[in-house]
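Asker: got a predicted model here, sequence first, then my questions.
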Amino acid sequence: MQRIVVLAGGIGGARFLRGLKSAAPDADITVIGNTGDDIHLFGLKVCPDLDTVMYTLGGGIDEEKGWGRDGESFAVKEELAAYGVGPQWFGLGDRDFATHIVRTQMMGAGYPLSAVTEALCARWQPGVRLLPMTDDRVETHVLIDTADLAGSDGAEEQGRKAVHFQEYWVRLRASVDAHAVVPVGADTAKPAPGVLEAIAEADVVLFPPSNPVVSVGTILAVPGIREAIAEAGVPVVGLSPIVGDAPVRGMADKVLAAVGVETSAAAVARHYGSGLLDGWLVDETDAGAVAGVEEAGIRCRAVPLMMTDAEATARMAREALRMAEEVRA
Ligand SMILES: O=c1nc2n(C[C@H](O)[C@H](O)[C@H](O)CO)c3cc(O)ccc3cc-2c(=O)[nH]1
């Protein structure tokens, strides 16, 4: 049986995984999920990327938004607002709240996030083994100018401030410049149980079209994970989240700029580098980038990369697996 390890962020990773499951129905898939987006709200631990993968593969996702539960209502959020308790900019629905309550309760009882994730997945049956990248607390913070924060009247001394990734992404809609992206806690985090073992036993490692900085980049920032992938000696193939010099969805350009990477399919491949990446798929629109990526020592091909429907997404997954076989040969 083919053993596939996938490093996944939120929506892009989850949708790609759906395609991968249909392209390789018999494969044993382990997903290493980003937890740098996690946030504590109302006393609850919220894990957006793990939940997005779990709900998407388990059939409980809001398909239109790509995050949160289907058939959602927002009574709790409205009641909290009536008490003047925020933040209101983060849309937690009633059904979703139940997940965070169960998670927080189990963690309060001493279970690590990896065990809690397994327990939540017992209900959702995502058809993959979903592991958080770490059981330790990692929080991605984004450094912005204080002048860009609402409420700043410009009179106070101007400087820089680190805000939680979700505040940057959801409240500020990544509308202001990011000067740095810091996965706080990553440097001392340990890979969660099973992560290094899954990588060591993998036949192929895939980077879906997830955000290279705040999703895949954060997972790679956990000491030991990047090294394990580089040393696994198996094909590592990625799919570009950048098509035609713009992110397919989300605002990846903002955080790419913060780490000094141009928003292009070729620049993202070079950012990962040939020491990590063996193969890279770019969209047909970016066929002109293929030669440059190959010059950087990474096998590259242009194929359709828009996850417009299940079949198109499955084709992308098949192309990634085919490229892995070519690399292996
Ligand atoms: O744009 C939004 N994204 C929301 N997301 C998505 C999420 O913040 C980001 O898209 C990811 O963290 C990026 O990978 C949620 C995800 C959850 O699991 C639970 C609640 C939310 C709420 C929002 C929201 O209000 N607005």
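Answerer: Looks like it arrived, so ask away. From a predicted model like this one, the values you see are computed outputs, not experimental measurements.

Asker: name the helix or strand of the protein that has the lowest mean pLDDT.
Answerer: strand 246-247 (a mean of 81; mean pLDDT, DSSP states H and E).

Asker: to the chain's geometric centre, what's the distance from it?
Answerer: 16 Å (CA atoms, centre = their mean, to the nearest Å).

Asker: quick check: next helix or strand after it?
Answerer: helix 252-258 (DSSP states H and E).

Asker: quick one: contacts of the helix or strand following that next one?
Answerer: Note on helix 252-258: by DSSP H and E, the next helix or strand toward the C-terminus is helix 265-272. For helix 265-272, the external contacting residues (CB atoms under 8 Å, 6 or more residues apart in numbering) are 207, 212, 216, 238, 240-243, 256, 259, 261, 277, 280, 282-283, 286, 289, 292-293, 296, 298, 300. In this view, the C-beta of every residue, glycine as well, is placed from N, C-alpha and C.

Asker: hmm, 7 Å instead?
Answerer: Contacts with helix 265-272, where a contact means CB atoms under 7 Å, 6 or more residues apart in numbering, come from 212, 238, 240, 242, 261, 277, 280, 282-283, 286, 289, 292-293, 296, 298, 300.

Asker: and of these, the nearest to the ligand?
Answerer: The closest of those to the ligand turns out to be residue 212 (CB to the nearest ligand atom; 12.4 Å).

Asker: say whether the ligand is contacted by the least confident helix or strand of the chain.
Answerer: No - Strand 246-247 does not reach the ligand (CB under 6 Å from any ligand atom); its nearest approach is 11.8 Å.

Asker: sheet partners, orientation included, of that strand?
Answerer: strand 242-243 (antiparallel) (DSSP bridges).

Asker: contacts for the strand it pairs with next, please.
Answerer: Contacts of strand 242-243 (CB under 7 Å, 6+ apart): 252, 263, 264, 265, 268, 283, 285, 286, 305.

Asker: just the closest of those residues to the ligand, please.
Answerer: Nearest to the ligand among the contacts of strand 242-243, with distances taken as CB to the nearest ligand atom, is residue 252, at 10.2 Å.

Asker: so which residue of the stretch 101-250 of the chain comes closest to the ligand?
Answerer: For the stretch 101-250 of the chain, CB to the nearest ligand atom, closest residue to the ligand: residue 170, 4.2 Å.

Asker: excluding its backbone neighbours, what's nearest residue 138?
Answerer: The shortest distance from residue 138 to any non-neighbouring residue, by CB to CB, 6 or more residues apart in numbering, is to residue 185 (4.3 Å).

Asker: many thanks, we can stop here.
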